[in-house]
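[1] Dropping the sequence and predicted coords here.
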Amino acid sequence: MAHNVETMAYAGEKPWHGLGVPVLADLTPAQMLDAASLNWTVTKVPAFAKIAGKNVAIDRSALVRESDNTILDIVSDDWNPIQNEEAFEFFNEFVAAGDMEMHTSGSLQDGKIVWGLAKVKESFELFKGDEVESYLLFSNFHKYGYSTDVRFTPIRVVCNNTLTLSLNQKVENAVKISHRKVFNADVTKEMLGIAKDKLAKYKEMASFLGSKKAKDENIVEYFNRIFPSSGKKEVSRNAERAMEILHTQPGANYAEGTWWQPFNAITFLTDHELGRNADSRLTSAWYGYNKGLKTKALELAVEMAEAA
């Protein structure tokens, strides 16, 4: 398995990042948990510091994976781990009702991040033939400084681009679950209604971009603002690459000549080319730099389309 990805399984079609081991389709959340080798528990034990050759208790705890005694992180004493089994039980009601099906699950960074991704049984067509499918991503962090979160993630079928729902980098489209509170799946499901509304708003934003013509000089400016040059070159390599794939990216013929096209050139570039390898792109797309980059790309595309 790749460097960032510790374990991973997928059901059905191979995911956009191309990683993971294929398993049977229509698995229950518990079966997907087992298939991805995530059926381990985390315990919190007192942490000590060695001072003058002696172990001295400190106001911290170690998160330990019981299956192999791996120390995942050091956390404050009021930090409560959410077990992987408990996290995956979140999907039970949706899967049993036929509203979702388990798609992928796995762990990153030696178990510090565990996720389950379920495909929502609803999709929408932005333009004739340009289909977007919806997924629900549950990220369980065994890592200090991170809240467990649940978010809807749209994926454009024609190019397997993961898209962003947020128009503001300061406003998350996820339900955040603090590790200093007791996890309540029912409350989280109620809060998801707010996040789900953003799927409808996203469709409106995408349709808006597809209705606004983009001039060549404005597209060049757009790419240069997303990927500014930091050296002697007037144009960065990433901006040049975005221009190269503008008309050759999968799905370039949908809403051609509109702002939908350059925006998707950015999402294609971040998901399929930027980064050292596929697993680093996966981590970055969901939890790192590329996630913020796509939000910035959407904000700027809407801003420039409105000014057109």
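    Yep, that arrived. Please read these numbers as outputs of a predicted model, since none were measured by experiment. Numbering: from 1, shown residues only.
[2] Apart from its neighbours in sequence, what residue is nearest residue 159?
    Nearest non-adjacent residue to residue 159, counting by CB to CB, 6 or more residues apart in numbering: residue 250, 3.8 Å away. Any C-beta I mention is one placed from the backbone N, CA and C, and that applies to glycine too.
[3] where in the stretch 151-300 of the chain is pLDDT low?
    For the stretch 151-300 of the chain, applying pLDDT under 70 flags the ranges 158, 160-174, 176, 180-198, 279.
[4] Which parts of it are strands?
    161-162, 174-177 (DSSP state E, counting those that start in this stretch).
[5] Can you tell me the number of residues neighbouring residue 230?
    Residue 230 is flanked by 7 other residues according to other CB atoms under 10 Å.
[6] show me what contacts it?
    Counting by CB atoms under 8 Å, 6 or more residues apart in numbering, residue 230 touches residue 236.
[7] backbone phi and psi for it, please?
    Backbone torsions for residue 230, taken as degrees, to the nearest 10, come to phi -110, psi 0.
[8] Verify the stated contact: the residue nearest to residue 159 with residue 130.
    No: using CB atoms under 8 Å, residue 250 is not in contact with residue 130; the gap is 10.6 Å.
[9] Tell me which of those two has more neighbours.
    residue 130 (20 against 16).
[10] How much space separates the more buried one from residue 145?
    Distance, residue 130 to residue 145, using CB to CB, to the nearest Å: 38 Å.
[11] How about residue 259?
    36 Å.
[12] And these two? Which one has more around it.
    Using other CB under 10 Å as the criterion, residue 259 and residue 145 rank with residue 259 on top: 27 against 8.
[13] so what's the more buried one up against?
    Here residue 259 is in contact with 209-210, 212-214, 301-302, 304-305, 308 (CB under 8 Å, 6+ apart).
[14] Could you identify the buried members of these?
    209-210, 212, 214, 301-302, 304-305 (16 or more other CB atoms under 10 Å).
[15] Which pair in the residues you listed has the greatest spatial separation?
    The largest separation in these, counting by CB to CB, is between 210 and 304 at 14.1 Å.
[16] So in terms of bridging, what pairs with residue 148?
    Note on residue 148: beta-bridge partners by DSSP bridges are residue 177.
[17] can you pull the contacts of it?
    Residue 148 touches 82, 87, 138-141, 176-177, 179, 183, counting by CB under 8 Å, 6+ apart.
[18] Next one: the nearest residue to residue 287 once chain neighbours are set aside, what pLDDT does it get?
    Of all residues not flanking residue 287 in the chain, residue 113 sits nearest, at 6.9 Å (CB to CB, 6+ apart). Per-residue confidence at residue 113 stands at 92 (pLDDT).
[19] ok, residue 111 to residue 144 distance?
    Taking CB to CB, one finds residue 111 at 14 Å from residue 144.
[20] Those two: who's more crowded?
    Higher neighbour count among residue 111 and residue 144: residue 111, with 22 against 15, using other CB under 10 Å.
[21] Mind splitting this structure into its structural domains?
    5-196, 207-307 (automatic domain parsing).
[22] Do me a favour and get the end-to-end distance for the shortest one?
    Length of domain 207-307, first residue to last, CA to CA, to the nearest Å: 16 Å.
[23] Report the buried residues of the lengthiest strand in the chain.
    In the chain, with assignment by DSSP state E, the single longest strand is strand 113-127. For strand 113-127, a neighbour-count test (16+ other CB under 10 Å) marks 113-120, 124, 126-127 as buried.
[24] Out of the residues you listed, the closest to residue 104 would be?
    Closest to residue 104, out of all of the buried residues of strand 113-127 and judged by CB to CB, is residue 117, at 4.6 Å.
[25] And the closest one, how close does it get to residue 148?
    Using CB to CB, one gets 14 Å for the distance from residue 117 to residue 148.
[26] Next: residue 22.
    From residue 22 to residue 148 the distance is 27 Å (CB to CB).
[27] swap in residue 108?
    Taking CB to CB, one finds residue 108 at 14 Å from residue 148.
[28] Same check on residue 20?
    For residue 20, the distance to residue 148 - CB to CB - is 22 Å.
[29] what do you get for residue 130?
    From residue 130 to residue 148 the distance is 33 Å (CB to CB).
[30] Please apply the same query to residue 134.
    Noted for residue 134: a distance of 20 Å to residue 148, by CB to CB.
[31] Thank you kindly, that will do.
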